[in-house]
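Structure of the sequence below:
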Amino acid sequence: MTASLMHTSAELADFVRANERVHVLGRGSKTALHQSAQGAALADLSALSGVTEYQPSEYTITVGAGTAVTDVAAALAEEGQYLPFDPLLPDRGTIGGTVAANLSGSRRFRYGGVRDFILGAKVVDGLGREFRVGGKVVKNSAGFDLSKFLVGSLGQYAIMTELTFKVFPDVSCFRSLNFDYERLEETLTAISFINQSAFELDALDFAPSAEGWSLMARLGGSPATLPQRVERFTEAMQRETDPNDVSEIDDQPALWNPLAGLRGNTIVKVVLPLSQVPALDAMIADSQRRYGVGGNVAWLSTEDVVSLDAALKQSGLRGLCLLGNLESPLIGQPLENKLAARVKAVLDPLAKLL
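Down below sits the predicted model:
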């Protein structure tokens, strides 16, 4: 796909006005999101990058939408801060694509997802109008927050050119533990215990293993207090959930990347309540899968999208395909959102944005 490189938001606005259909590219890291835009004029936002404003004392950062996630993380790390929603695809993705696809990683378990940390954005809508939504400070006026509405919008309402986030101080030390259970039901019981306990975890994921199920927990804190917290947590888990085995695992970045172990042409994200995990898992047992954020997100790798689509529809769930060659990135239960239709009619009445 040949795309036109945008250097300013004004250039992008002219581009939108000049074309009947427009689709946005960052680094093209999420291949399944671009297949349905065949025939549209492509706008490359990778030049709209860089940190435009950073106030560490106010815990806010403003960056171009085409900024690589790694660059944002590096700028924050210099001040001992981070994005708590834990953007995925940090080595390939842009921050604008992260927001548009609503891609949070395992560390969002503690503090929440993208919507909880986006403060504002500059956008270009389907009529080529440039404007700002939200703000640049944590305390902002009440009302309909369009910046949060753009999270997960896949660029269908307006094109984000600049984004402002709330950030947090990061911790200095992490420890990761693995708890083995024979059955999925035992794993879910352990998660219920954790959710009702006073333990504060940085991340909590689980996945099938050769012996049954593996529940991975991550704790973070200072070197002075973390060992005692890990010991208390381990003792409580052994006493209350009776795992087959407990071990400490090397806390490497790949360990907490839920996509790292998935192999296959199609990678799918499914948001679901923990109560629906057993039924869904029984239908997708042939797929590679990992459940993140304490079981509220399923990451799947499949070669049979048709069967997965049917399983999601049967479960009343919806999937977002990140990687793959599909006519549409959305599978499963169709979403009927009257508010979204009204916003689309206001911001993109000509249906230019794909």
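
ok, now which ones touch Ala37?
Taking Cβ atoms under 8 Å, 6 or more residues apart in numbering as the criterion, Ala37 is in contact with Arg21, His23, Leu354. Placement of C-beta: from N, CA and C, glycine included.

Per-residue confidence, it, what does it come out as?
Per-residue confidence at Ala37 stands at 79 (pLDDT).

any idea how far Lys344 lies from Ala73?
According to Cβ to Cβ, to the nearest Å, Lys344 stands 32 Å off from Ala73.

for the chain, which spans come out with low pLDDT?
1, 90, 138-144 (pLDDT under 70).

State which helix of it is the longest.
Across the chain, the longest stretch assigned as helix under DSSP state H is helix 226-241.

Pairing partners for the helix or strand that it is followed by, with directions?
The helix or strand immediately downstream of helix 226-241 is strand 245-249, counting by DSSP states H and E. According to DSSP bridges, strand 245-249 forms sheet pairs with strand 173-181 (antiparallel).

Give me the contacts around the partner strand.
Against strand 173-181 from outside (Cβ under 8 Å, 6+ apart): 187, 190, 202, 209, 211-223, 226-227, 230, 233-234, 237, 241, 243-251, 255-256.

among those residues, which ones are buried?
For the contacts of strand 173-181, a burial check counting by 16 or more other Cβ atoms under 10 Å picks out 187, 190, 202, 212-221, 226, 230, 233-234, 237, 241, 243, 251, 255-256.

For Lys122, name its beta-bridge partners.
Under the criterion used (DSSP bridges), Lys122 bridges to Arg132, Glu162.

quick revisit: which other helices and strands contact the longest helix of the chain?
Counting contacts by 3 or more Cβ pairs under 8 Å, 6 or more residues apart in numbering; DSSP states H and E, helix 226-241 packs against strand 173-181, helix 184-196, strand 213-221, strand 245-249.

again, 6 Å this time
In terms of contacts (3 or more Cβ pairs under 6 Å, 6 or more residues apart in numbering; DSSP states H and E), helix 226-241 is packed against strand 173-181, helix 184-196.

can you list the domain ranges for the chain.
Domain segmentation of the chain under automatic domain parsing yields 4-169, 173-256.

what's the most buried one of those domains?
Across these, averaging neighbours per residue (mean count of other Cβ atoms under 10 Å) puts domain 4-169 on top, at a mean of 20.

give the contact list for Phe109.
Phe109 sits next to Ala203, Leu204, Val293, Gly294 when contact means Cβ atoms under 6 Å, 6 or more residues apart in numbering.

change it to 7 Å
Contacts for Phe109 (Cβ atoms under 7 Å, 6 or more residues apart in numbering) come out as Leu201, Asp202, Ala203, Leu204, Val293, Gly294.

cool, Ser172 as well?
By Cβ under 7 Å, 6+ apart, the contact list for Ser172 reads Ser222, Pro223.

if we go to 10 Å?
By Cβ atoms under 10 Å, 6 or more residues apart in numbering, the contact set of Ser172 is Gly80, Gly220, Gly221, Ser222, Pro223, Ala224, Leu226.

How many neighbouring residues does Gly332 have?
20 (other Cβ atoms under 10 Å).

if you skip the residues just before and after it, what's nearest to it?
In space, and not counting its chain neighbours, Gly332 is closest to Leu312: 2.9 Å by Cβ to Cβ, 6 or more residues apart in numbering.

before we move on, what about Ala65?
Gly96 (3.0 Å).

where's that neighbour, which helix or strand?
Per DSSP H and E, Gly96 falls inside helix 95-101.

I figured Ala13 was touching Ala158, is that so?
No - with contact defined as Cβ atoms under 10 Å, Ala13 does not reach Ala158; the gap is 11.0 Å.

Could you pull out the residues contacting both of those two?
Val124, Asp125, Leu127, Arg129, Glu130.

Secondary structure and distance to Leu154 added to the contacts of Phe109, as a markdown table?
Formatted as a markdown table, the contacts of Phe109 follow (DSSP: H, G, I helix; E, B strand; the rest coil; distance: Cβ to Cβ, whole Å):
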| residue | secondary structure | distance to Leu154 |
| --- | --- | --- |
| Leu201 | coil | 30 |
| Asp202 | coil | 29 |
| Ala203 | strand | 26 |
| Leu204 | strand | 28 |
| Val293 | helix | 20 |
| Gly294 | helix | 25 |
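
of all the residues you listed, which comes closest to Leu163?
Nearest to Leu163 out of the contacts of Phe109 is Val293 (Cβ to Cβ; 21.9 Å).

Leaving out sequence neighbours, find the closest residue to the closest one.
Val293's closest residue in space is Phe109 (Cβ to Cβ, 6+ apart), at 5.0 Å.
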